[in-house]
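> got a structure for you, letters missing:
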C-alpha cells in the first residue's frame with residue numbers, strides 16, 4: 001500500500017489546490033462580459049451635427065405590412081413564420097458576403113422563403129416565392145417619415161439612403177413611396193457586392209459621399225445595422241419601431257427613439273454646421 005503523505009506534504013497539496021481555485025475564479029470573473037452588469041449602457045453625449053445622414057430603407061422608412069401579408073399567405077397563412085424567414089434571409093446574405101459571392105437581395109429572399117416553406121412542408125414554387133415578394137417595390141412610407149425628412153432637409157442636412165436592396169429596387173421604392181425628392185442620392189450594396197453590416201459597405205458609402213466616417217450617421221430600425229455602422233466608425237440613430245432591438249454587445253447609438261419624428265427632433269437640437 002502507498003504510505004500516507006507526510007503532514008507537510010498534505011498541507012502543501014491543500015494550499016496548492018486553494019491557490020488554483022482562487023486563480024481560476026479570478027480568470028473566470030475576468031472573462032464575464034460587461035453586459036452582465038445590472039446597469040443600463042449609457043448613450044454617448046454628442047452635441048455636433050453629422051455631415052451626412054444615411055437612412056436604411058425597409059422598415060426604417062417603409063411600412064412592410066403589405067409584403068408581410070403576401071409572404072405569410074405564401075407560407076400557408078403562417079404569419080408566425082415571418083421572423084424565421086427574415087432571419088434566414090439575413091443569414092444567407094451574410095453567408096454570401098463571407099463566401100465572397102453576391103446575389104440580389106430579392107433573389108436571396110425568394111430562395112430562403114422556399115427553404116422555410118420546405119422545412120414546414122409547404123409547397124412553394126419559384127414563381128410563387130417571387131410573387132410573394134413583389135409588394136416590396138410599392139410599399140408606403142410610415143406616416144412619421146415624410147414630415148421628419150422634410151424638417152431635416154429644411155434644416156440643411158444631407159440625406160441619402162443606404163440599403164441591401166438592389167439599385168433598381170430602391171429607385172422604385174423611393175419613387176412609389178413619394179420620397180425621391182428628399183434624398184441627395186440612393187445607395188445600394190449592389191455597387192460594392194456585399195451586404196450590410198459588413199464594414200466595407202459603410203466605408204464605401206462614406207467615400208461615395210466624400211464624408212469622413214466619423215461625420216456619417218446611420219438612421220435605422222435594425223440593431224444589426226446600427227451595430228455594423230458603429231463598428232465602422234460611424235454614428236448611429238436607432239428608430240425603435242415595435243419589435244426592434246439594439247444588439248446588447250455592440251456600442252450604443254447616441255439617439256434611440258421610437259419613431260422618425262422623435263429622431264428628427266433630437267437631430268435638430270444638435271449644434272454646428274451639418275453641411276460644411
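Arrived safely, thanks for sending. Please read all numbers here as calculations on a predicted model, not as lab measurements.
> all helices for this structure, in order.
Assigned by DSSP state H, the helices in the chain fall at 7-31, 65-74, 82-98, 105-119, 126-133, 145-154, 167-176, 199-208, 223-231, 260-268.
> which residues touch stretch 103-121?
Applying Cβ atoms under 8 Å, 6 or more residues apart in numbering, the contact partners of stretch 103-121 are 71, 74-76, 78, 81, 84-85, 88-89, 91-93, 96, 123-124, 126, 129-130, 132-133, 136, 164-166, 169, 189-190, 195. No exception for glycine: its C-beta is placed from N, CA and C like everyone else's.
> Quick check: mean pLDDT of it?
Taken as a whole, stretch 103-121 has a mean pLDDT of 97.
> can you check stretch 265-275 too?
81.
> now swap in stretch 238-254 and tell me
Stretch 238-254 shows a mean pLDDT of 96.
> in it, what counts as buried?
Neighbour counts over stretch 238-254 (16 or more other Cβ atoms under 10 Å) mark 238-241, 244, 246-247, 250-254 as buried.
> ditto for stretch 167-179
Buried residues in stretch 167-179, counted by 16+ other Cβ under 10 Å: 169-171, 173-174, 177, 179.
> quick check, nearest of these to residue 233?
Proximity of the buried residues of stretch 167-179 to residue 233 (Cβ to Cβ) peaks at residue 170, which lies at 23.9 Å.
> Could I get the contacting residues of the closest one?
Shown in contact with residue 170 (Cβ under 8 Å, 6+ apart): 57, 161, 163, 186, 188.
> Same check on residue 66?
135, 138-140.
> Distance of it relative to residue 224?
Distance of residue 66 to residue 224, given as Cβ to Cβ, to the nearest Å: 23 Å.
> Also residue 107?
20 Å.
> Ok, residue 82 next?
Residue 82 is 17 Å from residue 224, by Cβ to Cβ.
> Likewise for residue 85?
16 Å.
> who's more crowded, those two?
Neighbour totals were compared for residue 85 and residue 224, and residue 85 leads with 23 against 16 (other Cβ atoms under 10 Å).
> Run a quick neighbour tally on residue 100.
If you count neighbours by other Cβ under 10 Å, residue 100 ends up with 8.
> Run through the stretch 101-250 of the chain and note the low-pLDDT ranges.
Within the stretch 101-250 of the chain, no range satisfies pLDDT under 70.
> and the two most separated of the buried residues of stretch 238-254?
241 and 251 (20.3 Å).
> who touches the nearest residue to residue 50 once chain neighbours are set aside in this structure?
Counting by Cβ to Cβ, 6 or more residues apart in numbering, residue 217 is the residue found nearest to residue 50 once chain neighbours are left out, at 3.8 Å. For residue 217, the contact set (Cβ under 8 Å, 6+ apart) comprises 50, 52-54, 234-237.
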